[in-house]
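*Asks:* Next one to model:
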Amino acid sequence: MPKISVCIPTYNRAHFLPFAIDSVFAQSISDWELIVCDDGSQDETPELMKRYTDPRVRYIRHPQNVGKSNNMRSGYEVATGTYFIKFDDDDRLTPEFLEKTSQILDSNSPIDFVGTDHWIIDADNQRDLEFTEKNSQKWGRAELAEGIPRSLLKTVFVKQSFQVGATLFR
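*Replies:* Numbering: from 1, shown residues only. Next up, the predicted model:
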């Protein structure tokens, strides 16, 4: 059983998907499984996925569109890791993400998830600090001081401050 299940739902985004997948392969730890859930893509996604022959990669292709939530859920249902992350097909993980976040969960059993910050990356693969700051302000990220938020319900459901794609769950 892998330590971490990584789920990437996708739909007609073969042009973005390799960046997301490659960021998983670039992790500083290798104890993971990758589940790519394809919501009936009509682009080159099925052909692209044939290139990934690593046994840690599973490709779930729905023959027809089942909807975003059901597609993501199909990955969660087959996940076998102790920890789980879902991130979008146009996102990437920093190389130490899985290692650092899983270490926090390993050493703090009462904690159910670990969230991190995010960056907006431009077309030249550079961090767009100005747009990242605007995005952070929009979603109330400043309210997330290191540690535990004062009102988790408000932070998650009202402010929507957690970037789910940057959160590892137990």
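*Asks:* When you work out contacts or count neighbours from here on, use the C-alpha atoms and nothing else.
*Replies:* Will do.
*Asks:* helix or strand right after the lowest-mean-pLDDT helix or strand in the chain?
*Replies:* Least confident helix or strand of the chain, by mean pLDDT, DSSP states H and E, is helix 152-153 with a mean of 58. Next along the chain after helix 152-153, taking DSSP states H and E as the criterion, comes strand 167-169.
*Asks:* Please name every helix or strand in contact with that following strand.
*Replies:* Helices and strands touching strand 167-169, by 3 or more CA pairs under 8 Å, 6 or more residues apart in numbering; DSSP states H and E, are strand 83-86, helix 97-107, strand 113-115.
*Asks:* From residue 38, how far out is the spatially most central residue of the chain?
*Replies:* Centroid-nearest residue in the chain: residue 87, 2.1 Å away (criterion: CA atoms, centre = their mean). Computed as CA to CA, to the nearest Å, the residue 87 to residue 38 distance reads 13 Å.
*Asks:* Find residues that contact each of these two.
*Replies:* residue 9 (CA atoms under 8 Å, 6 or more residues apart in numbering).
*Asks:* rewinding a little: in CSV, list the helices and strands packed on strand 167-169 along with mean neighbour count and mean pLDDT.
*Replies:* What follows is those, written out as CSV (neighbours: other CA atoms under 10 Å; pLDDT from 0 to 100):
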stretch, mean neighbour count, mean pLDDT
strand 83-86, 22, 94
helix 97-107, 16, 95
strand 113-115, 17, 79
